[in-house]
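Chemist: just to be clear, the model below is a prediction. Sequence and coordinates:
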Amino acid sequence: MKTYEVREDRQLVRLEAVTSFPCAGCARTKKARVVAVRGGDLFCNGCHGRMGASEPSDRARRSTGRSPASAASASSAVGTQASDVRAEDPVRVMVEELDSGLPHSVVNTGLTVEWKFHVRAEHLLHGTCPVPSDMADRAAPQEPLDLTFLRGRHRIGVLDEQKGARLRVTGGETLLTGLTWPSFALPGTRVSVRWDTWRKLRLAFTPLDKPVVFGGTVVRYVYDPRIMTRELAAFDARVDRVEELVLVALRELGYLDEQGRALLPREALIRNTIERAQTERPATRKIHGAVDRLLSRSVLIWEQGSVNRAGMLHYPARRGERPIALLCYAPVLREASREELRNTDAGSVYSAGAHRVAGHLMRIGHLGKGASAEARAAYREDHKKAGLAGPHELPRGFTYVREHERGI
């Protein structure tokens with residue numbers, strides 16, 4: 001859907017949807033929307049940036065016909081920096097993609113296969129679960145599997161039981177399909193999986209010592225805050241449309257640190273907010289005004305980061321890189337109150353019996369998908385019936401799952 005300037009012999013492109021591909025740089029299977037192409041080889045954004053960082057000396061030698069030292073001296077003499085122009089343009093900084101949600105920490109004992117992964121919105125949307133090659137190579141295709149969702153490691157509690165999930169190859173990747181994820185499973189939730197050959201599969205969630213509220217959402221299980229910032233929207237406060245566009249662009253495209261803070265230069269945030277507007281694009285002055293209002297309310301704050309010669313953004317600032325001011329979104333994190341835990345009581349899902357699942361929103365915008373007319377109508381109807389204030393229209397980038405029954 002977009003191409004960037006060619007650097008050396010690599011063309012950086014942004015795809016319409018997240019795609020799985022083998023990276024020729026790190027020899028790992030990656031899943032991303034930003035891919036660097038060179039001939040028949042594909043490179044992840046991280047390898048593209050690292051390759052660029054190692055190339056300035058070669059560029060200097062080719063462009064000036066002199067050694068890197070003399071080229072740098074000549075550049076300094078005229079008051080310029082011998083670096084890629086991308087590093088001087090805060091509008092075009094690049095951010096390394098998150099992990100793709102693929103299995104990790106795989107242990108194959110011969111009798112069992114165990115692995116861990118973090119739930120992604122794509123898994124929740126399509127009812128899938130990633131599996132390692134150790135299982136994909138041994139399990140019988142299309143053979144139904146029995147699933148048990150567990151809570152905890154020491155005091156095990158059965159949350160749900162399901163039958164009929166099967167392995168299928170989708171887009172060159174083997175996935176477990178036909179799952180109905182429990183309602184408490186959020187994007188970013190960590191899952192530990194154990195496959196007892198041949199049919200039984202156990203998916204365990206590790207409870208937090210104390211449940212927390214992350215950006216307005218009650219979280220009960222161990223999670224990755226970066227994935228939650230990317231894929232889980234906070235609905236604890238309504239903002240105007242332009243402010244919402246700014247926050248969504250920052251959370252979906254910004255650099256993420258270990259605490260789930262999202263960061264981008266102001267210039268890059270303004271450009272991406274304009275480009276990502278699906279219908280009427282807001283005027284630049286309105287976006288600047290929205291940013292200023294968010295700063296005045298401390299929804300956004302200023303932080304200091306840095307950019308390397310390849311244009312890769314880093315936070316905190318790294319020594320030897322060009323410093324740059326960054327707008328930062330920090331999700332509010334606090335311990336959940338008793339009232340909040342009662343209002344989101346998950347007791348009904350801590351059972352293998354049939355239970356009701358409340359209607360809820362599911363984020364799909366980052367997948368390049370839009371809500372169906374039926375989902376929009378259902379949300380409008382349920383929102384009005386509940387007597388809730390505010391607009392009755394489905395938020396941009398989400399679909400709506402109506403209340404339904406789940407369990408055995």
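Modeler: Good, I have the coordinates. Numbering: from 1, shown residues only.

Chemist: mind checking which helix or strand of the chain has the lowest mean pLDDT?
Modeler: Least confident helix or strand, the chain: helix 68-77 with a mean of 35, by mean pLDDT, DSSP states H and E.

Chemist: which residues does the closest residue to Gly260 other than its chain neighbours contact?
Modeler: Sequence neighbours aside, Pro225 is the residue nearest to Gly260 in space, at 3.0 Å (criterion: CB to CB, 6 or more residues apart in numbering). To be clear about C-beta, it is placed using only N, CA and C from the backbone, and glycine gets the same treatment. Counting by CB atoms under 8 Å, 6 or more residues apart in numbering, Pro225 touches Gly188, Phe214, Glu258, Gln259, Gly260, Pro331, Leu333.

Chemist: looking at the residues you listed, which are in strands?
Modeler: Phe214, Leu333 (DSSP state E).

Chemist: just the buried ones from the contacts of Pro225?
Modeler: Among the contacts of Pro225, those classed as buried by 16 or more other CB atoms under 10 Å are Gly188, Phe214, Gly260, Pro331.

Chemist: adding distance to Ile324, write these out as TSV.
Modeler: Shown next, in TSV, are the buried ones among the contacts of Pro225 (distance: CB to CB, whole Å):
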residue	distance to Ile324
Gly188	27
Phe214	27
Gly260	21
Pro331	22
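
Chemist: out of these, who's nearest Ala277?
Modeler: Comparing the buried ones among the contacts of Pro225 against Ala277 with CB to CB places Pro331 closest, at 23.3 Å.

Chemist: in the strand of greatest length in the chain, which residues are buried?
Modeler: Ranked by residue count under DSSP E, the longest strand found in the chain is strand 157-170. Buried positions in strand 157-170, judged by neighbour count with 16+ other CB under 10 Å: Leu159, Asp160, Gln162, Ala165, Leu167.

Chemist: just give the nearest non-adjacent residue to the third one, would you?
Modeler: The spatial neighbour of Gln162 that comes closest, neighbours along the chain excluded (CB to CB, 6+ apart), is Leu147 at 4.5 Å.

Chemist: need the contact list for the one you found.
Modeler: Contact analysis of Leu147 by CB under 8 Å, 6+ apart lists Glu161, Gln162, Lys163, Ala165, Leu179, Leu201, Arg202, Leu203.

Chemist: now swap in Ile287 and tell me
Modeler: Neighbouring residues of Ile287 by CB under 8 Å, 6+ apart: Val242, Leu245, Val246, Ile270, Thr273, Ile274.

Chemist: render the CA-only coordinates of stretch 106-118 in CSV, please.
Modeler: Extracted C-alpha coordinates of stretch 106-118, given in CSV (Å, rounded to 0.1, in the frame of the first residue of the first chain):
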residue,chain,number,x,y,z
VAL,A,106,9.5,-24.9,22.7
VAL,A,107,10.2,-28.1,24.6
ASN,A,108,9.8,-31.5,22.9
THR,A,109,10.1,-34.5,25.3
GLY,A,110,8.9,-37.1,22.8
LEU,A,111,5.7,-37.7,24.8
THR,A,112,4.7,-34.0,25.0
VAL,A,113,5.4,-30.8,23.2
GLU,A,114,5.2,-27.5,25.2
TRP,A,115,5.5,-23.9,24.1
LYS,A,116,4.5,-20.4,25.0
PHE,A,117,3.1,-17.5,23.0
HIS,A,118,1.3,-14.2,23.4
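
Chemist: end-to-end on stretch 249-260?
Modeler: In stretch 249-260, first residue to last residue: 15 Å (CA to CA, to the nearest Å).

Chemist: mind listing residues that contact it?
Modeler: Against stretch 249-260 from outside (CB under 8 Å, 6+ apart): 95-96, 98, 214, 225-226, 228-230, 233, 262-264, 268-269, 272-273, 276, 300, 305, 313-315, 326-327, 329-331, 333, 365-366.

Chemist: just the buried subset of those, please.
Modeler: Counted by 16+ other CB under 10 Å, those give 95-96, 98, 214, 225-226, 228-230, 233, 262-264, 268-269, 272-273, 276, 300, 305, 313-315, 326-327, 329-331, 365-366 as buried.
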